[in-house]
Structure formats: C-alpha cells, structure tokens
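K.L.:
Any chance you could fold what I've pasted below:
(chains A, B, C and D)
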Protein chains: 2
Amino acid sequence: MATIRDVANRAKVSTATVSAVVNDSAYVSPELRARVLAAIGELDYTPSLAARNLKRGRSQLIALVVADLANPFFARLVWAAEAAVAAWGYSLVLFNSDEKPENERRILSRIKMLSCDGVILVPVDVAATQPPRDSEGEPMPTVLFGRTVEGQKADTITIDNVSAARQVTNYLMDLGHTRIGTITGPLHLTTGRGRLDGMLEAMRARGHEPAPAHVRSGEFREDTAYSVARELLTQPDGPTALYVANGVMALGVMRALADLGMKCPDDISIASTDTIPGIGGLRPRLTRTEHPVIDMTNEALRLLVERINRGAGADSRNVVFQPSLVVGESCAPARRRS
Amino acid sequence: MATIRDVANRAKVSTATVSAVVNDSAYVSPELRARVLAAIGELDYTPSLAARNLKRGRSQLIALVVADLANPFFARLVWAAEAAVAAWGYSLVLFNSDEKPENERRILSRIKMLSCDGVILVPVDVAATQPPRDSEGEPMPTVLFGRTVEGQKADTITIDNVSAARQVTNYLMDLGHTRIGTITGPLHLTTGRGRLDGMLEAMRARGHEPAPAHVRSGEFREDTAYSVARELLTQPDGPTALYVANGVMALGVMRALADLGMKCPDDISIASTDTIPGIGGLRPRLTRTEHPVIDMTNEALRLLVERINRGAGADSRNVVFQPSLVVGESCAPARRRS
DNA sequence: AACACCTAGCTAATCGTTTCGTTGGCAGAG
DNA sequence: CTCTGCCAACGAAACGATTAGCTAGGTGTT
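P.N.:
Got it, this is the predicted structure:
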C-alpha cells in the first residue's frame, strides 16, 4: 500500500508537508497542497491508523462493554451507541461480558491493549469491577452505564430505578392490588436492588408488605424468569399482580402464563420496568416504564468525549434519567378474593 | 506506561528476548524466561497493539457491517458475531450502514484505515457495493452475509430465501387460502427478491396468482409495513392471508391489525419469514420460518478466519442455509368467501 | 544597507514493537 | 590443541506516521 513517503516522492514534497495537508495542521501553499492531493488521489493513499495511533497514543476507538447482548435493552444501547460514536468520529469496538466478572476482566485488559480512547461500561459486579486503567496507569476515560460501582469516582449515566419501581407498584395498588409479587433482578446490581427497594418502599408507604414467597429473583433472564414464574404462579396463595423487573423477564413470565393456560390480565396482572421495543401489535401490551435509551446514550457519549479531551482531572458527573409509565392492557383491577 | 524496553532493562535482557517470551516465538532458556516474566509482572507491562500492528501489518480487528442495527435479526447476528470473534482471538468493530450506500462507502474506507483483518458485510446494494480492498489494493478477506452481490467473487453465507417463502406460502395454501397478499422487502436485495419469487413460484405451481394490488413493498421496516398494511387491509377486496417478508414487518402488520380492530387469525391470517426472538408468550404466535443465525454466524467466521490465513488466492465458497417452518397460531383455515 | 523577523517547507528523531542477521561461548571432532 | 558447528541471546533496522527544530528566502524597519 501507498505510504506517506510514496505520496511525498510523487508530489516532490516532504512527508511533513503531506502530513500537514492530510491533517490540516499547518499552512501549506495552494500549489503544494494541490500537488499533494493529486498524488494522494493517484496512489489511492489512506493513512495508516496503526502508525498514526502509535505516534499519537490515541486509537480513535471507543469500547462498549455490555452485560448481556442478548437483552434487547442492550441491543438498543448498541444501536444508539454506534450512531453516536460514529457522529463523534470514533469507531465502536463491542464486547459482551455476559454478566460474568471474569469475562469483564479479560475484556478490560483487551481494551487496554487496544488502547481505546474511552470506554462505556455496563459493569457486571458492583464489588468486583475494577476501573480500567490505561498503559500509564492512569484511569481511562470511562462512563458507567445503567449500573454504578460503589465507591468509584466515575462519570455515570443511570436511570432512577427506585422511581420506576414505585410508579409501577403504585399503579398496581391503584387498581386495588395488595398481594403483589415481584420477580427481581440480581440484587447485587443497583438495577436489581433499586427496583426491589422502590417496590417495597411503595408498598410499605401504603401499609402493605409482599409475602416473602412472592419475592423471587429472575436474574434478568428470560428463561430464569420463566421457571420462577411457573413456581410462583402454581403455589396455593399466589399473588394477584406481578411486578417484573425488566423487559425480557416480563416476556418470560408471559410465556409461563401461556404454558400454564392462564390469561393476562384476567387471571393475573403483569407490569414491568422496561420492555421490548416494537411489539406493540401483540397482545396484551405490557404496562411498564420506558427508559430514554437514546438520550441516555447520547449523554453518555457527550460526557465521554468531554473527559477524553479534558483529561482525568475533572470532577465526575452523575446523570440520572427518569423513566415514564406507559399503560398497556396487561393489568386489570383486583377482584375481591377471600 | 511500561514498554518492552523497560522490561528488557529490568530483566537485563534484550528487547528481542522479551518479544520472544511474550509471543512464544523462539526458544528462551528457563532462567531468562523467568526473569522476563517477573519483570513483566512487576512493571504491569502490556504490549502495545498499535506498535505490534504497525510492525505486523495486522490489527486483530474484525469489522461487522450490518444493514440495520435496529432490526432484531441483525441484533442477533451482532450477538453471535461478538462471541465468535472473541473465540477466535479478535475484537469486533461494529458498523451500521442503515441501508444507505453512502454510509456503506464511508464505513468501508474507515475499515481500510483501521486495517481490519477481515470484514463481515451485509451489503446494502447489490449493484453499488464495492468489494473492500486493503491498502495494498488486494481485496480484504470478506464474507458477505445474508445478501449477495452480483458478479462478485466472494465468500457468502446466505439463507435459502426462495425456499423460505415457498414453505410459508404452501402452508397458507394448504389451509385453503388463495387470495394471498404479501408485503415484500426491497426488491433490489436478494433477500427481498428471493422471498417474493418463492411466494410467486409456489402460488403459480398451484395455479394461483396474487392480485397486483396485494403485492406491496414494506422496505423491511416496521413503520413502512404498518402503513402499507393499513392500506392493504382497508381496501374492498383484501387478501385473506398475508405473507410478510421479515419479522419486524410482521410486527408492524400486527400493530396495524390491532389499530384497525381486526383479529388475527380470525379476520386474516399472517405468516412471515423470520421473526423476533423471545416473544413466545405473546399472542398470537407467528407462523414463520426460522433462520439458524448462530450457525450462520459461526460458519461465516470460520470462512473468514480461513481466508485471513490462506490469503486471497483460494476459491470463494458460498454456503446456503435452510430455514425451517414453525407453526404458531396466526393462521386459520380460509373461510369460503363470495 | 544592515538587521531582525517571519514563514513555508524540510530533515530527522521518535512512538513500541518484530525480526533479520550477527555474536560469542561451548561441545565434539580431528 | 585447534577447528567447526550449533544455538541462545543480542543489536539494530525496519514498520508508517507525527512533529520539534532548523533553514532559507522574503519582508519590513530604521
């Protein structure tokens, strides 16, 4: 392939001049500029990012590490992030930690090798996640997305999980439900913990308390939620309404209902935090909160690029987004029950 | 950050020896090896990929260019590809061409700059897509995924679209439907064209022909399919069954039905090629073909890695996967109609 | 006319690896 | 005792860009 030296020879200028033209980094007379551009065109020259990165110590790469790529919530994040990253002139390197701390560790060291300029990280474990450091031992520009890590000073983008759960729970109680069960996410995650706390808080505020047997973890997974829901729904004194902590688990619950021959909302009301986009034509439509994923992603990139340019010194910022309740037809008023 | 020279100094060896240890590329005596490893540990040395790539002319990066990241089909591809790419020791750089040829061009030149080792490409336009070339003008190792490009010799992974459409159409006809409409994808894509051809072929084989007004393009998009479906379903002599060419469009059609107050399958039967994963709990479940995305992706990576290692010389291979029909409850037997 | 100053462009050092070709020490053969 | 061969380890030249520092020529001031 053509190198900058080939271009310089052909245009009868020095490599420094070619570099100046390519990067617009210094004034070059119109005549030389034209000669250089012509040579570039004739040789089909593309600067080598590898060489440029080696010299500049940057890579024009932004890494996105999601916790579960099979989850449509994160798929949407990937979609939004690709667009935002491209808009800022970077390229996106994608990793999936699959909720496993050891994967996360492997990925972060890989990111270090690639010397990515920044990282958007959905941390797997609040306790275990180490802030990524670059090759000089400095913390890499990082934005934590969706979940936070205790005691770590970093820029974060989160959703108000407590509020999400509270909104949904209040809605269910407004319909008259008091025997509300929940399928939670992993409680070591702020998303899992916060949603459970919000639900409990809302219920207690009105003098209710969920039966311990009605509070189960579905690990944020479709299949786990499916089996947990089957257990929960076949026990004698089952709940009349179920708050499900995320969208894929809600679909798992729906599948369990279908397999058990139960009807929603006739036999039980289901409401969730988050949902799967694009299923508005299928019934029942879930009552759920929606999260402004696109806004969150754009804000994450804004913060990240700012930090890349301003360095590690600046104070860390934490932006919290508010979810909004969207009512479908998956909930019915509670019927009086013995 | 620690460089190979720092390690060499500390271990009192040459950089060549450190390199040999790191890459296992030459025999090093146990004693020196131990010293080197110790120094690496003490300095927390990570080799710079930028420098390594510059020297080796490789980047350990594989690019994936999808045509529509918002489409769950491609989201699944991304998910499977990330895993496969990691398993082969590469990292995944993700791009979304959003079905726009100009984006695709921009992306391919970016990929060239990054000197990615290989590309998995869902081409946007059969005619316009140029095979990517590396900096030496050689064609880059590339696997075309899902769609093929006319006259281009390249490795391809595709699904048998004609067969998919034929299976679905035959199923509808077996139920007694003859007034079958279709919402197709863009006909300049092999996926769009093939699915329409398969449908027509199947109908003609039994002496039927769809009304021209019942054959419409939904551009593979949810919103377009939604509006087209509304038109199609409100015209006087509407079809009794609809074959929809992909999963997101099928959901758009479902949404249109819901908004029109029509019931599926009571008022109309819907069947599609491809679907959205994980919605098995919602009703009605679509009758559709399913595509072995994971197998397809793994095979794509196998081909790609082979080509990276064997060079451009080898013959190009085209692997065609077979879709399978999965019956839901979105189709009912045709009722006799005037 | 002499001097300082500015600027366009060049030369060459540098980034951190890999790798080719060389060195030096030791063992076995003559 | 010398010569040859072998092999572990090394030194130094790439890879392709950026950029600090320099040169030469032109301009403006006194």
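
K.L.:
Which residue, other than its chain neighbours, is closest to the residue in the stretch 51-200 of chain A that DNA strand D sits nearest to?
P.N.:
Closest contact between the stretch 51-200 of chain A and DNA strand D, by CB to the nearest atom of the strand, is at A:A51 (3.4 Å). Using the backbone N, CA and C atoms, a C-beta is placed for each residue, glycine as well. Setting aside the residues directly before and after it, A:A51 is nearest to B:L54 in space (CB to CB, 6 or more residues apart in numbering or on different chains), at 5.2 Å.

K.L.:
A:A70: which element?
P.N.:
For A:A70, there is no helix or strand it lies in under DSSP states H and E.

K.L.:
Now do the SS call for the spatially closest residue to A:E306 that is not a sequence neighbour.
P.N.:
Nearest-residue entry for A:E306: A:A314, 7.7 Å, with adjacent residues in sequence omitted and distances by CB to CB, 6+ apart. Recorded secondary structure, A:A314: coil (DSSP: H, G, I helix; E, B strand; the rest coil).

K.L.:
give me the number of residues near the residue of the stretch 51-200 of chain A closest to DNA strand D?
P.N.:
For A:A51, the number of neighbouring residues by other CB atoms under 10 Å in any protein chain shown comes to 16.

K.L.:
Next: A:D6.
P.N.:
A:D6: 17 surrounding residues under other CB under 10 Å.

K.L.:
Model confidence for it, exactly?
P.N.:
Turning to A:D6, the model gives it a pLDDT of 92.

K.L.:
How about A:Q152?
P.N.:
Per-residue pLDDT puts A:Q152 at 73.

K.L.:
quick one, helices of the stretch 1-150 of chain A?
P.N.:
Listed from the start of the chain, the stretch 1-150 of chain A has helices (DSSP state H, counting those that start in this stretch) covering A:4-11, A:15-23, A:30-43, A:49-56, A:72-87, A:101-113.

K.L.:
Mind giving me the packing neighbours of the fourth one?
P.N.:
Going back to what we said before, that points to helix A:49-56. The contact analysis (3 or more CB pairs under 8 Å, 6 or more residues apart in numbering or on different chains; DSSP states H and E) places helix A:49-56 against helix B:49-56.

K.L.:
How about the last one?
P.N.:
Of the remaining helices and strands, those touching helix A:101-113 by 3+ CB pairs under 8 Å, 6+ apart are strand A:61-66, strand A:91-96.

K.L.:
just the second one next, same as before
P.N.:
In this structure, helix A:15-23 packs against helix A:4-11, helix A:30-43, with contacts taken as 3+ CB pairs under 8 Å, 6+ apart.

K.L.:
Could you rerun that using 10 Å?
P.N.:
helix A:4-11, helix A:30-43, helix A:49-56 (3 or more CB pairs under 10 Å, 6 or more residues apart in numbering or on different chains; DSSP states H and E).

K.L.:
re the thing from before, can you put the helices of the stretch 1-150 of chain A in TSV and add distance to B:V36?
P.N.:
Rendered in TSV, the data for those read as follows (distance: least, CB to CB, whole Å):
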stretch	distance to B:V36
helix A:4-11	35
helix A:15-23	36
helix A:30-43	42
helix A:49-56	23
helix A:72-87	37
helix A:101-113	18
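
K.L.:
ranking those helices by burial, who's on top?
P.N.:
helix A:72-87 (a mean of 22; mean count of other CB atoms under 10 Å in any protein chain shown).

K.L.:
now it against strand A:61-66, angle please.
P.N.:
In this structure, helix A:72-87 runs at an angle of 170 degrees to strand A:61-66, with axes from the mean of the first three to the mean of the last three CA atoms, to 10 degrees as the basis.

K.L.:
my read: A:T169 touches A:A202, true?
P.N.:
Yes. Assessed by CB atoms under 10 Å, A:T169 is found in contact with A:A202 at 3.9 Å.

K.L.:
Find residues that contact each of the two.
P.N.:
Common contacts of A:T169 and A:A202 (CB atoms under 10 Å, 6 or more residues apart in numbering or on different chains): A:180, A:208, A:243.
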